[in-house]
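Participant: Next come a sequence and a model predicted from it.
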Amino acid sequence: MMQPMTHNIIQDGGTPIRLWTKGVPVDPKAHDQLIKASKMPFIYKWLAVMPDVHVGIGATIGTVLPTKEAFIPAAVGVDIGCGMMAVQTTLTADDLPDNLHGLRTELEKAIPHGRSKTRGRGSRRDVGAWANPDDTVMNGWGTLVDDFNYITQKHPKLKNTNNLKHLGTLGTGNHFVEVCLDETNQVWIMLHSGSRGVGNAIGRYFIELAREDMRKWFINLPDKDLAYFAEGTEHFEDYWFAVGWAQRFAFKNREIMMEKAIKALRQIVTKPFDAAVKAVNCHHNYVAKEEHYGEEVFVTRKGAVRASVGEYGIIPGSMGAKSFIVKGKGNEESFCSCSHGAGRVMSRTEAKKVFTIDDQIAQTKGVECRKDADVIDEIPAAYKNIEDVMSAQSDLVEVVHTLRQVVCVKG
């Protein structure tokens, strides 16, 4: 018996676009952006669009772009390797203190986050960096340093970044550290961050090189941010090496922060506990070489998570909503992918205009977190309904655990 269609298909002059967005709003601007991306000549088979899709730079966030013999740096973006890590502990809700402010404070002390208000000569250091990286960070740097030196020998403009001082730090925006409870009141630690300042520098640098290549070869594009590197050209291999390095940096960044977060939890909860159960560490802004439909292709996931059969992933809601630990179903039509979160329904600027501190307090009731004007852009109402997002991708993943946060740290 033929299975019912679980997604919509758009055909508008380019490769098909398959959208897992039933019951979820899609911004018309995101729709236009998808049409432009679908017209790139090296897209393999179709674009796969996740239910959290929203406007990005060049390519929409929440899109899977499979390509042959080329890739688009702006589709990976500037937060290269951004992703999630979650660890289930053997603690339960009863083991946590009644007042969680001390735990939030301990996490904020353990993991550098945010940035300084002042810039320029004489300003204090970025609060989201280590003044003097400790042994944990130094050990994490390891072989990354040799590969970074290789990159900067060829591209010296990338040398002066906060690479070591940003390893093991959170950053700002939607990056966070959370303490959560699952459906059985088991305690989890979950965090979201990427390759920080050095990944941003790599992304911006190669995006501009790709634009220069397009100008050099008089290649007209539907959008300048769809500038690409073709296999065999001067910058293709350099970007492939650099983006892979940034993805490894991001992975290690999350590992170091998780070690710090577990240590902070031990400072507050004296009961012995294990924190290595069902650990998940996954990217959602990256490019990888994979086999699909019998061919080896580059798969760029811009705000999407790999969801092969049995593969664990994390789909967070907003700072006042549920999050999910999921297991992939290996749906080939999505190139074995799922959403990376709820997805925004309004920009940060718009959210700050529309909502107040009182709204933020109401929508994060029961969560120990910042509730000031600087985090209104992260208010839950600025995001899509996570339940609708999960319903739209029921053929991509199965839910293993449902989490609700009780502590949230943001930069």
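Facilitator: Cool, the structure landed. Residues are numbered from 1 along each chain as shown.

Participant: what's the neighbour count on the residue nearest to M319 when sequence neighbours are not counted?
Facilitator: Leaving out its chain neighbours, the residue that sits closest to M319 by Cβ to Cβ, 6 or more residues apart in numbering is C408, at 4.9 Å. The C-beta positions use only the backbone N, C-alpha and C, and glycine is treated the same way. Neighbour count for C408, taken as other Cβ atoms under 10 Å: 23.

Participant: Over to S339?
Facilitator: Neighbour count of S339, defined by other Cβ under 10 Å: 33.

Participant: and if you look at the one 5 residues further on?
Facilitator: By other Cβ under 10 Å, 22 other residues sit near R344.

Participant: so what's the closest residue to it other than its chain neighbours up against?
Facilitator: Spatially, and ignoring its direct neighbours in sequence, R344 is nearest to H54 (5.0 Å; Cβ to Cβ, 6+ apart). By Cβ atoms under 8 Å, 6 or more residues apart in numbering, the contact list for H54 reads D27, A30, T60, I61, G62, G343, R344, V345.

Participant: Next: V277.
Facilitator: Listed by Cβ under 8 Å, 6+ apart, the contact set of V277 reads V87, Q88, T89, T90.

Participant: Pairing partners for the helix or strand harbouring the first one, with directions?
Facilitator: Read that as V87. Taking DSSP states H and E as the criterion, V87 maps to strand 83-92. Using DSSP bridges, the strands paired with strand 83-92 are strand 186-193 (antiparallel), strand 277-283 (antiparallel).

Participant: After the first one, heading C-terminal, what element do we hit next?
Facilitator: Note on strand 186-193: by DSSP H and E, the next helix or strand toward the C-terminus is helix 196-216.

Participant: Return the set of buried residues in that following helix.
Facilitator: Neighbour counts using 16 or more other Cβ atoms under 10 Å place 196-203, 205-207, 209-211, 213 of helix 196-216 among the buried residues.

Participant: of those residues, closest to N162?
Facilitator: G197 (4.1 Å; Cβ to Cβ).

Participant: Let me know which of the strands paired with strand 83-92 is the nearest to K45.
Facilitator: strand 277-283 (22.0 Å).

Participant: So for that closest one, mean pLDDT?
Facilitator: Averaged across strand 277-283, pLDDT comes to 88.

Participant: Also stretch 48-60?
Facilitator: 94.

Participant: Stretch 210-222 now?
Facilitator: 96.

Participant: With stretch 329-343 instead?
Facilitator: Stretch 329-343 shows a mean pLDDT of 97.

Participant: Show me what counts as buried in that stretch.
Facilitator: Using 16+ other Cβ under 10 Å as the test for burial, stretch 329-343 gives 329, 331, 333-343.

Participant: all strands of the stretch 101-250 of the chain, in order?
Facilitator: For the stretch 101-250 of the chain, the strands defined by DSSP state E, counting those that start in this stretch cover 176-181, 186-193, 229-230.

Participant: could I get those strands as TSV with distance to A275 and mean neighbour count?
Facilitator: Listed next are the strands of the stretch 101-250 of the chain as TSV, based on distance: least, Cβ to Cβ, whole Å; neighbours: other Cβ atoms under 10 Å:
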stretch	distance to A275	mean neighbour count
strand 176-181	11	24
strand 186-193	7	24
strand 229-230	41	18
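
Participant: Mind putting those into JSON lines with mean pLDDT?
Facilitator: Supplementary listing: these in JSON lines, determined by pLDDT from 0 to 100:
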{"stretch": "strand 176-181", "mean pLDDT": "97"}
{"stretch": "strand 186-193", "mean pLDDT": "97"}
{"stretch": "strand 229-230", "mean pLDDT": "98"}
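
Participant: Tell me which of those strands sits nearest to K39.
Facilitator: Among the strands of the stretch 101-250 of the chain, strand 229-230 comes nearest to K39, with 16.2 Å by Cβ to Cβ.
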